[in-house]
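# have a look; sequence and predicted model below, questions after that.
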Amino acid sequence: MLKHLFPLPLFLISLIAWAEPLPIQEIAPGIYVHQGVHEELDEGYHGDICNIGFIVGHKGVAVVDSGGTFNIGQRLREAIRRVTDLPILYVINTHVHPDHIFGNAAFKLDNPSYIGHAKLAEAMERRKETYLRNNTAWLGEAFAGSEIIKPTRSVDTTLELDLGGRTLLLTAWPPAHTSTDLTVFDRDTATLWTGDLLFIERTPSMDGDTLSWLKLIPQLKTIPAKRAIPGHGPVTEQWREAFDNQQRYFDILLSDIRSSIQRGVTMEKAMDSAAAVEKGKWLLFDTVNRRNINILYPQLEWE
Ligand SMILES: [Zn+2]
């Protein structure tokens, strides 16, 4: 039997390596985005919930976030190869969350620079075990081949990447959505990849420092971008309004929790009531909002 199988004809080898290219959209010249679906990060999760994509210059390609599994990364790579044969020079991770980083391994053979916030490597190391355990439980076979790949180049404040004919400006931010948030700005098309500093449609989830995130929003809004690619949700030119929506949710949530604490309402009760007026304005609200309260309430108790 084996002697019939080996050596494999070339077309069979390419079939084995083949992954269905992810659907992508060219949202500005040379900027391609795949929009993830709004699913929870546990039940029903398929590893494809955030926005990932790539930017093409004359010299090569930069990937911005690689998806939640090796397979999604492979499918993103296939999508790139349908567009260009130029080398994949950079794989940028906008932050540590598993839906954004577990496709990194699909680009190993391209030998790119993996780029992230100065605190990303340490955050990956600290969360490695939990992330691998949880994602294996959620995704089973679909998680096969996924691994943590840390940045080989890190961004302390800002970093410019030359893709040939276009320069990307990467900015590392203080703790906000996480302590590893990085934005990517393409000057050529005035397009801003916000990572999860901006959520559209999906309820913003909190993990870093929400008070400092709130303070950052006015500063983020001054970036001279014509359009933004949020971490989750549709690409939009009305991105400043989207930041305003997010700020409104944060303001209401914080003020409701503070007033619960003052009135002696327990966290369990506050989880049912805080920011309830925002329900209906966001997707996956019940679970994500409760999780946010669970994180914020104990912090605000010490104010
Ligand atoms: Zn995130």
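Arrived safely.

# and residue 21, how far from residue 71?
12 Å (Cβ to Cβ, to the nearest Å). In short, each C-beta sits where N, CA and C put it, glycine included.

# tell me which of those two has more neighbours.
residue 71 (24 against 17; other Cβ atoms under 10 Å).

# okay, and the more buried one sits in which element?
Element membership for residue 71 (DSSP states H and E) is helix 70-83.

# list of residues touching that helix?
Applying Cβ atoms under 8 Å, 6 or more residues apart in numbering, the external contacts of helix 70-83 come out as 18-24, 32, 34, 47-48, 52-54, 56, 61, 63, 66-67, 88, 102-107, 110, 142-147.

# now intersect these with the strands, please.
32, 34, 52, 53, 54, 56, 61, 63, 88 (DSSP state E).

# residue contacts, the fifth one?
Contacts for residue 54 (Cβ under 8 Å, 6+ apart) come out as 31, 32, 61, 62, 63, 64, 76, 79, 80, 83, 88.

# output the below-cut-off pLDDT ranges for the stretch 201-303 of the chain.
By pLDDT under 70, the stretch 201-303 of the chain has no low-scoring segment.

# now whichever residue of it sits closest to the ion: which helix or strand?
With Cβ to the ion, the shortest gap between the stretch 201-303 of the chain and the ion falls at residue 231, namely 5.8 Å. Here residue 231 sits within strand 227-232, counting by DSSP H and E.

# helices and strands around that strand, which ones?
Here strand 227-232 touches strand 25-28, strand 191-199, helix 239-262, going by 3 or more Cβ pairs under 8 Å, 6 or more residues apart in numbering; DSSP states H and E.

# distance to the ion added to these, as JSON lines?
JSON lines is the format used below for the helices and strands packed on strand 227-232 (distance: least, Cβ to the ion, whole Å):
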{"stretch": "strand 25-28", "distance to the ion": "20"}
{"stretch": "strand 191-199", "distance to the ion": "4"}
{"stretch": "helix 239-262", "distance to the ion": "13"}
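
# ok, which of these comes nearest residue 281?
Residue 281 sits nearest to helix 239-262 of all the helices and strands packed on strand 227-232, at 7.4 Å, using Cβ to Cβ.

# just the angle between that closest one and strand 191-199, please?
Here helix 239-262 points in a direction 20 degrees away from that of strand 191-199 (axes from the mean of the first three to the mean of the last three Cα atoms, to 10 degrees).

# tell me what helix 239-262 is packed against?
Against helix 239-262 (3+ Cβ pairs under 8 Å, 6+ apart) you get strand 191-199, helix 210-220, strand 227-232, helix 267-273, helix 285-300.
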